[in-house]
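> Predicted model, plus sequence, below.
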Amino acid sequence: MKHIHTHLRRLLAAALACVATAAMAIDDATLKSYYAGASGKKGAALKTAFYNCISEHTTISYDGLHEAYKTSDRRPDGKLRDWYSNITNYTAVTDKAGSYKKEGDCYNREHSVPQSWFNKGTPMRSDLVHVIPTDGYVNNRRGNLPFGENAGEKYMSANAYSKVGACTVSGYTGQCFEPNDEIKGDIARIYFYMATCYENRISTWTLSGGDDVFDGTAYPAIKKWTLDMMMRWARQDPVDDVERERNEAVWTLQGNRNPYVDYPDLMDYVWGAKTTEAFSLDADHGSPVTPDNPDNPDTPDNPGEEATSGSIDLAALTWTPTSDATYGSGFKATANGMTLAYYTHQSANPVITVGSEMRLYKGSVFVISGGRIKGVTFHGVSSYTAPLTIFGQSYAFAGQTLTWTSERSVAPFTAFSLSKQVRITSIDVRISDTPTALAAPIATADAVAVFDVSGNYVGTSLPQRKGIYIVRQGTHTRKQIVR
C-alpha cells in the first residue's frame, strides 16, 4: 500500500468502521469530510479541488484486480458482472482471460480509457474505477476505439448488447464502440472521474487515437463531442444502486471514490450550465434517488419524469427482416434504447432508404416499443410530407415537422398508417417511466408477464440474462434492469 495521506488513512478507517459490506453507504459526515476541500469552488477550480480529494489512493496491483472484482462487480447470483455482454456467467478469477475464440469464452480486464492512450502508465493501468470486467472477445472487438453511438454495421455482440460501427454523434465520424444503454451513464461518470483524478496527467493521453477524445489540456480535458455525449448519457442513465454499491466497494478496496456518483449533478458544476455557481456539499445534488420497490410497481426510480430517446436518424439504422401476425412482413431496428419496426401491411412496397431519408409507403404501419410513449416528432422531406394517420386520426405536417402528443402503453405502440408515400429523415420519441393502467390488463391482480424491450414475451419472471425488461403486473407496468 502506497501513496496514502494520513488524512485519507483516517477517513478510510472511519469508512471501514461504518461500512460492513460494500453495499452499505458511507455516512454523510465522513463523505463531507472527505470532500471538504471542494466546498465553495467553481468550474475548473472545482475540478481541481476534487482532484486533490481523490487522486491519492491505494494502487491495486494489476493481478489484484481479479480478486477485487469479487467485491466490486459481483452479481446477486455470485457471478461476475460483465459490462459488455449479457450472455455470460463468469466466476471471478476462475474464468479470467486465457485464449478466446468467441463471446462467452472468458473475461478480461478492460480499460474503459484504453491504456494505449496513456502508454500503460500507473496508477491508471490498475485503477479499479475504470478497469472493468468484460467478455474477452467483445473487448477485443472494441480494441482502443473511443466510445460513441453507431448502427452496429461493423459488429454487434449477442442480443446487440454492444456495437461497433461508424460514429453517428456530431463531431466525430470514425469507428467507435457503443456500450449498452443500461451502462452508458456508468461509463460517462467513469470518464468524468478519470479526467478529475488524473488531472495532472491527462494532457498527455493523446497517443494511439486518444486525441479523438481528449484535448491535451487539464481542463476541460475532454473534447466537446465526447463531453456532450457523455453528459447526455449521464442524464439518460442516472446513478442507481448497483453503481452506488460499486463506489462503496472501490472506497473499501482502493481508498478513494467517484464524486460524480456521490453528486450526480457535479458534471454541471464542472462543465455544464452551473460552472459559475459555487458548489455546496450541503445542497441536494440528486443523490437520494428512491430505487424501484419490487413489491410496489407504482414506485419507479423517477416517478413522473419525462425523457427523450434523442434524435433517431432512420436511414442510418441497420434494418433486419421481421414479421408480425397482424401487420405482416417488415423490418426492425434498435436505436437509443427504443425498438422500431416497419411493416408493409397492406402495401407491397418494402421500406426503402435513399441517402439521408426513409421512404414509407401507403398502407404500412410503424411500431415503436421500449418505453411508455408520450409523443413523437417526425421530421420529413419537403414536398413529401403527406398527412399521417395516427390511431385513426389524420395529422398534417407543419412545414417539414409533425408533432404528435399523447400517451400509449409500452409495446406495441402503433405509430401510424400512411395515406400515401411519405419521406422521413428522423424522429424524436418522448418517453416516460410513469406506470399507468395497461390497455389490456392481465386477468388477475397478481399475474406477472415479462417482455424484452422489443415486446417479445419472456416469461412470468425476470430471466438471469442481463438486459432491460418490461414487467407487467395486474394493471401496472414498470421497467426493470437486470445487471
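Yep, that arrived.
> Could you measure from residue 238 over to residue 481?
Between residue 238 and residue 481 the distance, using C-beta to C-beta, to the nearest Å, works out to 12 Å. Any C-beta I mention is one placed from the backbone N, CA and C, and that applies to glycine too.
> and what of residue 313?
When distances are taken as C-beta to C-beta, residue 313 and residue 481 turn out to be 26 Å apart.
> likewise residue 470?
Using C-beta to C-beta, one obtains 11 Å as the distance from residue 470 to residue 481.
> Who has more neighbours out of these two?
It is residue 470, of residue 470 and residue 481, that has more neighbours when counted by other C-beta atoms under 10 Å, with 23 against 17.
> from what I can see that one touches residue 462, true?
No: under the criterion of C-beta atoms under 8 Å, residue 470 is not in contact with residue 462, lying 10.7 Å apart.
> Let me see the confidence value for the closest residue to residue 258 other than its chain neighbours.
In space, residue 258 comes closest to residue 193 once its chain neighbours are excluded; the distance is 4.4 Å by C-beta to C-beta, 6 or more residues apart in numbering. The per-residue pLDDT reported for residue 193 equals 98.
> again, but for residue 289
If you check residue 289, the pLDDT there is 32.
> swap in residue 204?
With respect to pLDDT, residue 204 has a value of 96.
> Could you report the neighbour count for it?
Other residues within reach of residue 204, judged by other C-beta under 10 Å, total 15.
> The one 10 residues further on now?
Residue 214 has 25 neighbouring residues, counting by other C-beta under 10 Å.
> before we move on, what about residue 140?
14.
> Need the residues touching each of residue 470 and residue 462.
Counting by C-beta atoms under 8 Å, 6 or more residues apart in numbering, the residues touching both residue 470 and residue 462 are 450, 480.
> Sheet partners, orientation included, of whichever strand in the chain runs longest?
Once the chain is assigned using DSSP state E, the strand that runs over the most residues is strand 422-432. In the sheet, strand 422-432 lines up against strand 306-313 (antiparallel), strand 357-360 (antiparallel), strand 372-380 (antiparallel) (DSSP bridges).
> ok, and which of the ones you listed has the densest surroundings?
Using mean count of other C-beta atoms under 10 Å, the stretch among the strands paired with strand 422-432 with the largest mean neighbour count is strand 357-360, at a mean of 22.
> for the helix or strand just after it, packing partners?
Using DSSP states H and E, the next helix or strand after strand 357-360 towards the C-terminus is strand 365-369. The criterion is 3 or more C-beta pairs under 8 Å, 6 or more residues apart in numbering; DSSP states H and E, and the helices and strands that strand 365-369 contacts are strand 338-343, strand 413-418.
> Specify the angle between strand 365-369 and strand 338-343 in degrees.
When axes from the mean of the first three to the mean of the last three C-alpha atoms, to 10 degrees is applied, the directions of strand 365-369 and strand 338-343 differ by 160 degrees.
> what lines up beside strand 365-369 in the sheet?
strand 338-343 (antiparallel), strand 413-418 (antiparallel).
> Helix, strand, or coil at the nearest residue to residue 72 once chain neighbours are set aside?
Across the structure, with C-beta to C-beta, 6+ apart as the measure, the residue nearest residue 72 apart from its sequence neighbours is residue 249 (4.1 Å). Local secondary structure at residue 249 is given as helix here, using DSSP: H, G, I helix; E, B strand; the rest coil.
> Do I have it right that residue 173 meets residue 150?
No: when contacts are counted by C-beta under 8 Å, residue 173 is not listed as touching residue 150 (10.4 Å).
> more crowded one of the two?
Summary of the neighbour comparison: residue 173 and residue 150, criterion other C-beta under 10 Å, with residue 150 having more neighbours (22 against 12).
> isn't the residue nearest to residue 72 right up against residue 70?
No: taking C-beta under 8 Å as the definition, residue 249 is not a contact partner of residue 70, at 9.6 Å.
> Give me the more crowded residue out of these two.
Just comparing residue 249 and residue 70: by other C-beta under 10 Å the higher neighbour count belongs to residue 249, 22 against 14.
> Overlap of the contact sets of residue 173 and residue 150?
Residues touching both residue 173 and residue 150 (C-beta under 8 Å, 6+ apart) are 166, 167.
> Could you tell me which residues within stretch 221-231 count as buried?
Of the residues in stretch 221-231, those scored as buried under the neighbour-count criterion (16 or more other C-beta atoms under 10 Å) are 221, 222, 223, 225, 226, 227, 228, 229, 230, 231.
> So which residues of the stretch 201-350 of the chain form strands?
306-313, 320-324, 328-335, 338-343 (DSSP state E, counting those that start in this stretch).
> Distance check, residue 262 against residue 362.
In this structure, residue 262 and residue 362 are 55 Å apart, going by C-beta to C-beta.
> Between the two, which has more neighbouring residues?
Between residue 262 and residue 362, counted using other C-beta under 10 Å, the more crowded position is residue 262 (22 against 16).
> Please read off the pLDDT at that one from the model.
The per-residue pLDDT of residue 262 was computed as 95.
> and stretch 82-95, how far apart are its ends?
Its start and end residues considered, stretch 82-95 measures 12 Å (C-alpha to C-alpha, to the nearest Å).
> How far does that stretch sit from its chain's centre?
19 Å (C-alpha atoms, centre = their mean, to the nearest Å).
> What of stretch 35-54?
26 Å.
> got the buried residues for it?
Those would be 35, 38, 41-44, 46-51, 53-54, for stretch 35-54 by 16+ other C-beta under 10 Å.
> Serialize those residues to TSV and add fields for pLDDT and distance to residue 424.
Output for those, formatted as TSV (pLDDT from 0 to 100; distance: C-beta to C-beta, whole Å):
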residue	pLDDT	distance to residue 424
35	98	48
38	97	47
41	97	47
42	96	44
43	96	41
44	97	43
46	98	43
47	98	42
48	98	47
49	98	48
50	98	44
51	98	46
53	98	49
54	98	47
